[in-house]
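Engineer: Pasted the sequence and its predicted model underneath.
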Amino acid sequence: MEIKDIAGELLLTLEADTLQGADLRGANLTGADLTCANLRGADLVGVDMQDADLQGANLTGVDLTGANLKGANSSGADFTESVLVGTNLSGVDLTCANLRGANLSGADFTESDLIGTNFSGVDLTGVNLRGADLRLAQLTQQNMQGANLEGANLVGAKMQGVNLAGANLEHANLRFANLRGANLKGANLRFAQLEGVKLDNAELPDNVVVMDQIHWKVIIIPDRIQIGCENHSIDDWEAFTNLEINKMDVHALSFWMAHKQEIITAARALNASK
């Protein structure tokens with residue numbers, strides 16, 4: 001059986017007539033065309049699959065320990081119960097891929113495309129997801145303790161009951177994410193976008209204050225205040241003129257006049273205690 005790259009050049013010849021259960025340990029499959037390939041149960045430890053095309057491939061139960069998949073197109077691929085320990089998945093397209101039950105310990109997903117990806121039953125403790133696109137991803141009840149989500153796009157992500165204790169969410173976009181019942185103790189939410197985020201019954205970091213008994217939900221984090229869709233520094237909020245506030249929304253000025261002192265006082269008190 002032959003494995004070719006995307007341009008049709010021969011990369012590897014196998015005696016077997018199938019890739020299922022194949023021993024490809026340490027193979028150089030850079031740029032390989034493995035679209036819809038059946039690699040179920042294959043040994044891919046240390047394999048180099050940088051920029052490979054794995055769209056729709058069956059990688060169920062595959063061992064990819066220490067493999068390099070940087071920049072690979074794995075959209076729609078099935079990684080169910082695969083081993084991806086220490087795997088380089090930076091810049092990988094995993095849109096709508098299935099990672100159910102996979103072992104991702106130490107995996108690097110930096111700036112990967114994970115839109116709508118299913119992470120059911122996956123332990124994401126300490127995983128690097130910096131700058132990853134996780135819009136609409138299924139992360140319900142996941143263990144993401146200590147994960148690096150700096151600058152990640154989590155718009156609309158399903159994160160009910162997720163454990164994000166000690167996670168880094170600095171500059172993360174959490175607009176309209178569902179974090180009901182989540183554990184955010186010790187998490188870093190500095191400069192995070194929090195418009196429309198659902199935090200009912202969530203355990204929040206000590207340096208986060210939520211005021212949701214007024215017209216717009218107010219979320220105060222270190223040095224920042226999010227009111228509705230507006231996210232600005234405390235100093236900026238305090239300095240805004242009535243004209244600037246009025247331009248934000250037809251009801252903004254009356255809201256601000258009624259609650260400004262309460263909000264600014266709470267924000268200053270929070271920052272004084274950090």
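Structural biologist: Alright, I've got the coordinates. Being a predicted model, the structure only gives us computed values, none of them experimental. Numbering: from 1, shown residues only.
Engineer: now for the longest helix seen in the chain, which elements pack on it?
Structural biologist: Using DSSP state H to define each element, the chain has its longest helix at helix 252-273. Secondary-structure packing of helix 252-273 (3 or more Cβ pairs under 8 Å, 6 or more residues apart in numbering; DSSP states H and E): strand 209-211, strand 218-221, strand 224-227, helix 234-239, helix 242-248. Backbone N, C-alpha and C define where each C-beta goes, glycine included.
Engineer: Okay, buried residues for it please.
Structural biologist: 252, 253, 255, 256, 259, 263, 266, 267, 270 (16 or more other Cβ atoms under 10 Å).
Engineer: Now the two most distant members of these.
Structural biologist: Farthest apart among these by Cβ to Cβ are 253 and 270. That separation is 24.4 Å.
Engineer: Format the buried residues of helix 252-273 as CSV; extra columns: pLDDT and distance to residue 187.
Structural biologist: Compiled in CSV, the buried residues of helix 252-273 are given as follows (pLDDT from 0 to 100; distance: Cβ to Cβ, whole Å):
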residue, pLDDT, distance to residue 187
252, 95, 29
253, 96, 33
255, 95, 28
256, 96, 29
259, 95, 26
263, 95, 22
266, 93, 20
267, 94, 19
270, 89, 15
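Engineer: Which of those residues sits closest to residue 167?
Structural biologist: Minimum distance to residue 167 across those is 19.9 Å, recorded for residue 270 (Cβ to Cβ).
Engineer: what sits against that closest one?
Structural biologist: Applying Cβ atoms under 8 Å, 6 or more residues apart in numbering, we find residue 270 in contact with 207, 209, 220, 222.
Engineer: biggest separation within the residues you listed, which pair?
Structural biologist: With Cβ to Cβ as the measure, no two of the contacts of residue 270 lie farther apart than 209 and 222, at 10.5 Å.
Engineer: ok, back up a step: so can I have a markdown table of the helices and strands packed on helix 252-273 showing mean neighbour count, distance to residue 91 and mean pLDDT?
Structural biologist: Shown next, in a markdown table, are these (neighbours: other Cβ atoms under 10 Å; distance: least, Cβ to Cβ, whole Å; pLDDT from 0 to 100):
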| stretch | mean neighbour count | distance to residue 91 | mean pLDDT |
| --- | --- | --- | --- |
| strand 209-211 | 17 | 35 | 93 |
| strand 218-221 | 23 | 29 | 94 |
| strand 224-227 | 23 | 30 | 95 |
| helix 234-239 | 14 | 35 | 96 |
| helix 242-248 | 13 | 37 | 96 |
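Engineer: Columns distance to residue 176 on top of those, output as JSON lines?
Structural biologist: Listed next are the helices and strands packed on helix 252-273 as JSON lines, based on distance: least, Cβ to Cβ, whole Å:
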{"stretch": "strand 209-211", "distance to residue 176": "16"}
{"stretch": "strand 218-221", "distance to residue 176": "13"}
{"stretch": "strand 224-227", "distance to residue 176": "13"}
{"stretch": "helix 234-239", "distance to residue 176": "22"}
{"stretch": "helix 242-248", "distance to residue 176": "19"}
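Engineer: so which of those gets nearest residue 192?
Structural biologist: It is, among these and with distance given as Cβ to Cβ, strand 218-221, at 6.7 Å.
Engineer: helices or strands next to that closest one in the packing?
Structural biologist: Against strand 218-221 (3+ Cβ pairs under 8 Å, 6+ apart) you get strand 209-211, strand 224-227, helix 252-273.
Engineer: Show me how far the first one is from its chain's centre.
Structural biologist: Think strand 209-211. Relative to the chain's own centre, strand 209-211 is displaced by 24 Å; criterion: Cα atoms, centre = their mean, to the nearest Å.
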